[in-house]
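Asker: Could you work out the structure for the sequence below:
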Amino acid sequence: QVQLVESGGGLVQAGDSLRLSCAASGRTFSSGAMGWFRQAPGNEREFVAAISWSTGNTYHADSVKGRFTISRDNAKNTVYLQMNSLKPEDTAVYYCAAGPHWGPAVGAASSYDHWGQGTQVTVSS
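Answerer: Numbers count the residues shown, from 1 in each chain. Below is the predicted model of the structure:
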């Protein structure tokens with residue numbers, strides 16, 4: 001079965017950088033989408049970024065555009081989220097997710113059928 005394992009979270013100060021990793025296993029990842037979402041206490045899960053396994057096309061939420069970058073390493077079945085210029089409002093549990101299709105709906109959580117366990121990112125002011 002598909003397994004997604006996130007790593008790289010931690011406690012940082014505002015303005016710092018972090019790189020999250022999501023290692024995928026359980027099937028061949030050559031198509032479909034991988035996404036990053038986040039959820040802060042009391043808030044709904046929020047889309048952050050997505051990438052196409054096959055083309056490398058990306059889509060970033062406006063709230064992180066210019067600061068966060070999603071990338072992938074097909075050989076390692078791993079997706080990354082480089083987070084720069086972190087702000088306290090970026091504090092959340094970050095989840096990676098795998099979905100079968102790349103398309104207009106990659107920003108919706110319903111487009112993904114496998115989820116990781118999450119990694120905590122805390123940004124202090």
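Asker: Just give me the neighbour total for the spatially closest residue to residue 55 that is not a sequence neighbour.
Answerer: Counting by Cβ to Cβ, 6 or more residues apart in numbering, residue 55 lies nearest to residue 102, which is 7.3 Å off, once chain neighbours are set aside. Glycine gets a C-beta too; all of them are placed from N, C-alpha and C. Neighbour count for residue 102, taken as other Cβ atoms under 10 Å: 20.
Asker: In what element of secondary structure is residue 102 found?
Answerer: Mapping residue 102 onto the secondary structure by DSSP states H and E places it in no helix or strand at all.
Asker: Tell me which residue lies nearest the centroid of the chain.
Answerer: A centroid search over the chain (Cα atoms, centre = their mean) returns residue 36, at 2.1 Å, as the residue closest to the centre.
Asker: Specify the local secondary structure of it.
Answerer: strand (DSSP: H, G, I helix; E, B strand; the rest coil).
Asker: Check what pLDDT the residue of the chain most remote from its centre gets.
Answerer: Taking Cα atoms, centre = their mean, the residue of the chain most remote from its mean C-alpha position is residue 125, at 22.8 Å. Here the pLDDT value assigned to residue 125 is 94.
Asker: about what we covered before: give me every residue that touches the closest residue to the residue nearest to the centre of the chain other than its chain neighbours.
Answerer: What sits nearest to residue 36 in space, not counting adjacent residues and going by Cβ to Cβ, 6+ apart, is residue 48, at 4.2 Å. For residue 48, the contacting residues are 35, 36, 37, 38, 60, 61, 64, 68, 70, 81, 94, by Cβ atoms under 8 Å, 6 or more residues apart in numbering.
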